[in-house]
Every structure is written in structure tokens, then in C-alpha cells.
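# Provided below are the primary sequence and the corresponding predicted coordinates.
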Amino acid sequence: MTPRTICLHGPESTGKSTLAPRLAAHLGGEVAEEYGREYAEARGIDFTMQDLVEIARTHDAGVQTMLAAGLTPLILDTDPLMTAVWADMLFGRRDPWFDAWNDTADLYLLFDIDLPWVADGTRMFGEPAQRQRFFDLSKAELERRGVRWALVSGEDEARWQSVLRAVEAAS
């Protein structure tokens, strides 16, 4: 049985937003799009901690609305665990709200940094050392929380097959 919620997790520019709709279509589900991108495009990327909490809360409220409407499986293009990692990257700390949040997804797909970083006006961490730190913090958050997760890697069709294998293994 396919997990009810699958969260695409990991650093920026790793293919999450590209593969989310493809996975939703493949599974007959829906996508909860990343609210943080919409927020950044409208307000800029000079985030405060309160901005990150607002992004996470708003994204989570949208997910809860979609779940209440029976839209499953639901592919989450991020969640508050990822926003917590953003707080770690930007500020070296996080608001207590993040650690109190516990409505985690049934499965997390951690996207590897094996794709080229592409600047798009909202991305910030393109240097190799920054990308590695972002990946390491992303993985550590999943391990700290004890959630079910799988690594996604490879380019193009290999990356898609990696997603499919991870979902199949969790079903």
C-alpha cells in the first residue's frame, strides 16, 4: 500500500519540485506545493526566523486541508522539517516551534546533491561546501526524528527510477 504522505526532502536544486508532480501523477495523487518558494518570490529571501515559522505553519495548514479533503497519496514538496533545516543553515538555530511540530510524513525521500546547482533568484547555497552542509543537516534531521526515509540519487531517468524504487520499497 502506497504511503499516504510522501515528503520530498533535501537541499535546494536537487529536483524535488520537478519530480513532485510526476510522482503524484504516477501514484494518482496530488502535490502540496512548496509555500516557501511562493513566499520568497513575493517577499524576497532576506528571511527572519519568524518568516520561516510563518512559511512552515502556512505550508502545514495547506497540507492538513488537502488531507482533510481526502487528497491522497499526497506528495509534499517540503515540510516543516525542511524549513527547520533552513533555519539551521541561515541562523545556526531554530525556533522551538519546529521541534514541537510532529505531524511528519509517512515516507521521506532525501534528494542527493548529485545534480548541478542552478541559481533561480530564491536559492542561496550553491557553493559545494554549503550544499554538503545543507545535505548533512537534512539527513541528520531525518535521523534525529526517526522517520522512515530513503535516499534518491542519479540524473534524469535514473533519479526517477530511484524515486520509484524507494516508494515501492515503502509500500
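Great, that's in hand. Keep in mind that what you see is a predicted model, and the values were worked out from it rather than measured.
# CA atoms for contacts and neighbours, from now on please.
Fine.
# Spatially nearest residue to residue 55 (excluding sequence neighbours)?
residue 36 (5.6 Å; C-alpha to C-alpha, 6 or more residues apart in numbering).
# The worst-scoring helix or strand of the chain on mean pLDDT packs against which elements?
Scoring the helices and strands of the chain by mean pLDDT, DSSP states H and E places helix 35-43 at the bottom, with a mean of 88. Using 3 or more C-alpha pairs under 8 Å, 6 or more residues apart in numbering; DSSP states H and E, the elements in contact with helix 35-43 are helix 49-68.
# now for the helix it packs on, which elements pack on it?
Checking 3+ C-alpha pairs under 8 Å, 6+ apart, helix 49-68 ends up next to strand 30-32, helix 35-43, strand 74-76, helix 80-91.
# Please name every helix or strand in contact with the helix or strand following the longest one.
To tie it back to what came earlier, the one meant is helix 80-91. Per DSSP states H and E, the first helix or strand lying C-terminal to helix 80-91 is helix 96-100. With contacts defined as 3+ C-alpha pairs under 8 Å, 6+ apart, helix 96-100 has these neighbours: helix 80-91.
# and the helix it packs on, average pLDDT?
Average pLDDT, helix 80-91: 96.
# starting at the chain centroid, how far to it?
Between the centre of helix 80-91 and the centre of its host chain there is 11 Å, according to C-alpha atoms, centre = their mean, to the nearest Å.
# so that helix versus helix 35-43, what angle?
Interaxial angle, helix 80-91 versus helix 35-43 (axes from the mean of the first three to the mean of the last three C-alpha atoms, to 10 degrees): 50 degrees.
# Please report how far the most centrally placed residue in the chain lies from residue 104.
Ranked by distance to the mean C-alpha position of the chain (C-alpha atoms, centre = their mean), the top residue is residue 78 at 2.6 Å. Computed with C-alpha to C-alpha, to the nearest Å, the distance linking residue 78 and residue 104 is 11 Å.
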